[in-house]
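1. Got a predicted model here, sequence first, then my questions.
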Amino acid sequence: MNTKLVESLLQAILSLSDEERSLLEEKLFFNSSEASTHDLMLLAQTGEAFKFLENEPDIYSLDDGEPI
């Protein structure tokens, strides 16, 4: 086992900012060939596939008496 390499990597990781660490975690632990949840949310938000919902009536409210 190359303990010097592991120690060097650990020091490099610990020196990263929170944002850089998050990016590293994403690259290490998630399959980057698939769209991320954030990417899918942006697509749904900026695309117009759900635009028709803007004109839907509000049929549910907190006053319905049904538990949410």
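-> It's in.

2. any chance you could map the helices in the chain?
-> For the chain, the helices defined by DSSP state H occupy 3-14, 18-29, 37-46.

3. So what touches the first one?
-> To tie it back to what came earlier, the one meant is helix 3-14. 21, 24 (Cβ atoms under 8 Å, 6 or more residues apart in numbering). For every residue, glycine as well, the C-beta is placed using N, CA and C.

4. What angle do helix 18-29 and that helix make with each other?
-> 130 degrees (axes from the mean of the first three to the mean of the last three Cα atoms, to 10 degrees).

5. What of the shortest one?
-> Per the same axes, to 10 degrees, the angle that helix 37-46 makes with helix 18-29 is 100 degrees.

6. For Ala44, which non-adjacent residue is closest in space?
-> In this structure, Ala44 finds its nearest non-sequential neighbour in Phe50, 6.3 Å apart by Cβ to Cβ, 6 or more residues apart in numbering.

7. TSV for the helices of the chain, including distance to Glu54 and mean neighbour count?
-> Putting these into TSV (distance: least, Cβ to Cβ, whole Å; neighbours: other Cβ atoms under 10 Å) gives the following:
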stretch	distance to Glu54	mean neighbour count
helix 3-14	45	10
helix 18-29	32	10
helix 37-46	12	10
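
8. Distance-wise, check the residue nearest to Ala44 relative to Glu7.
-> Shown here: Phe50 relative to Glu7, a distance of 50 Å by Cβ to Cβ, to the nearest Å.
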